[in-house]
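In: Any chance you can model this:
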Amino acid sequence: MVMSFFVMCGASSARALGAVFRGRRFPGSCTAPGDDAGSAAVEFAFAAPILFLIAVAAIEFGMVMLVTTLAESALRDAARFGVTGLEVAGQTRLERVVDMISERTFGLVNMEDADIQVLVYPGFEDVGLGESFVDGNGNGVFDAGETFTDDNGNGVWDADVGVAGAGGSGEVVVYRFRYAWPLLTPLGAGVIGTDGHLTIEAGLAVRNEPWGEGGAP
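Out: Okay, the predicted model is just below:
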């Protein structure tokens, strides 16, 4: 009798296996009863956080790349305007440069928090250099009391010889943009950026066109 039971179960199990491959259960099988209703919801509950993180990361990096591209483009346009020496009625060249950057970043950048520098240098080889000094103690850095060359005449040693301004005819001008982009979610703060922000930077150096005493040609 026991043997007959196993034979019957074996036969019914074989039929059930075939039924599964055909996409249905065989009603007379010896498989344990069960219901897979709701399994999709459980699977989604496990997958949803990962999908959400991927989506947020894609949006985050997309926004950062967009703002970086806009900032670089805005600086190029501002530099094209600045090298001409043109003046807009009611605005200095520096004010117009800042407005152009604001317009071309389409409100994505809070200009009050953005650091925009326009510096004039004697030549391209001087960009980013500090004023020369006599390193008395040989530690490689300027220390108070050491002799230095005051290139810009402000009475103090400067780590950058650039002078704020849009520059005159034929002068070298550097345009720099720096902005702490606020991350959309603190989830990425532990991976990228600092204190919930990612620094976006752009810059370029140009030489102003030559113009006469009266301004731009």
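
In: and the longest helix along the chain, average pLDDT?
Out: Longest helix in the chain by number of residues (criterion: DSSP state H): helix 39-82. For helix 39-82, the mean pLDDT works out to 87.

In: Start the count at 799 instead of 1 going forward.
Out: Sounds good: first residue 799 from here, last item helix 837-880.

In: what's the next secondary structure element after that helix?
Out: helix 891-902 (DSSP states H and E).

In: name the helices or strands packed onto that next one?
Out: helix 837-880, strand 913-919 (3 or more Cβ pairs under 8 Å, 6 or more residues apart in numbering; DSSP states H and E). Every C-beta, even on glycine, is put in place using the N, C-alpha and C of the backbone.

In: Give me the distance between the two termini of stretch 877-887.
Out: 18 Å (Cα to Cα, to the nearest Å).

In: So Trp978 sits against Glu910, correct?
Out: I think there's a mix-up here, since residue 978 is Ala and not Trp. No: at 11.9 Å, Ala978 and Glu910 do not qualify as touching, with contact defined as Cβ atoms under 8 Å.

In: So those two - more neighbours on which side?
Out: Ala978 (17 against 5; other Cβ atoms under 10 Å).

In: mind listing what the residue most central in space within the chain touches?
Out: Ranked by distance to the mean C-alpha position of the chain (Cα atoms, centre = their mean), the top residue is Val862 at 3.5 Å. Residues near Val862 by Cβ atoms under 8 Å, 6 or more residues apart in numbering: Trp979, Leu996, Ile998.

In: Leu868: which of the residues you listed is nearest?
Out: Nearest to Leu868 among these, counting by Cβ to Cβ, is Ile998 at 9.7 Å.

In: Contacts for whichever strand or helix holds that closest one, please.
Out: For Ile998, the host element (DSSP H and E) is strand 995-1005. Residues from elsewhere that reach strand 995-1005 (Cβ under 8 Å, 6+ apart): 862, 865-866, 869-870, 873-874, 877, 880-881, 919, 922, 925, 968-981, 990-991.

In: Among these, name the buried ones.
Out: 862, 865-866, 869-870, 873, 877, 880-881, 919, 925, 969-975, 977-979, 981, 991 (16 or more other Cβ atoms under 10 Å).

In: picking up where we left off before, how much space between the residue nearest to the centre of the chain and Val907?
Out: 12 Å (Cβ to Cβ, to the nearest Å).

In: what's the answer for Thr866, then?
Out: Separation of Thr866 from Val907 (Cβ to Cβ) stands at 11 Å.

In: for Glu969, same thing?
Out: 27 Å.

In: where does this structure dip in pLDDT?
Out: Counting by pLDDT under 70, the chain contains low-confidence ranges at 799-836, 984-988, 1010-1015.

In: try 80
Out: For the chain, applying pLDDT under 80 flags the ranges 799-837, 949-951, 982-992, 1010-1015.
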